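Student: I would like the atomic coordinates for the input below:
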Amino acid sequence: MDARTTADHPLAEALRLLPRAPHGRAAATRHALPLIVPACHRLSEDGRTVLLRVAGDCLESGRLIDGTVVAYETNSRDAGEDLRPWGVQLIGTAHALVPSPAERAAFPPVSTGRHYLRLTPTLATVVRH
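Tutor: Down below sits the predicted model:
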């Protein structure tokens, strides 16, 4: 059995919790300086990658972090939950994405420019308070 699919593995738990919150924060580096941007997320259809939509003015271009390591964080506050607080952090490689019509439709409509990324997480941390 793939370790990522076992219930006690942090990555499996993080991917299970992620859909409960609609948004979070993506962190990368730009010229060796930290760059943290708000993002919306959706789990991919296969449940193994995370689709991120970030504001276009935050990144100038999705190419700035295409192929780089990204940390993505969300928590129970972002989900609007008050009971049993939790937090999730995923770390993996992000790639610029031209979303399919179905992937684009999974996100709320917006009127300003946005960039889409596919995050392939390899590490995860889940914190329950």
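
Student: okay, CA-based contacts and neighbour counts for the rest of this
Tutor: Fine.

Student: which residues does Gly80 contact?
Tutor: When contacts are counted by C-alpha atoms under 8 Å, 6 or more residues apart in numbering, Gly80 is found next to Ala21.

Student: what's it sitting at in phi/psi?
Tutor: In terms of degrees, to the nearest 10, the main-chain angles of Gly80 are phi 80, psi 20.

Student: Give me the distance between it and Arg53.
Tutor: Gly80 sits 20 Å away from Arg53, going by C-alpha to C-alpha, to the nearest Å.

Student: Beta-bridge partners for the spatially closest residue to Val98 that is not a sequence neighbour, please?
Tutor: Ranked by C-alpha to C-alpha, 6 or more residues apart in numbering and with sequence neighbours excluded, the top spatial neighbour of Val98 is Tyr116, at 6.7 Å. For Tyr116, the beta-bridge partners under DSSP bridges are Arg53, Leu97.

Student: What count of nearby residues applies to Tyr116?
Tutor: When neighbours are defined as other C-alpha atoms under 10 Å, Tyr116 has 24 of them.
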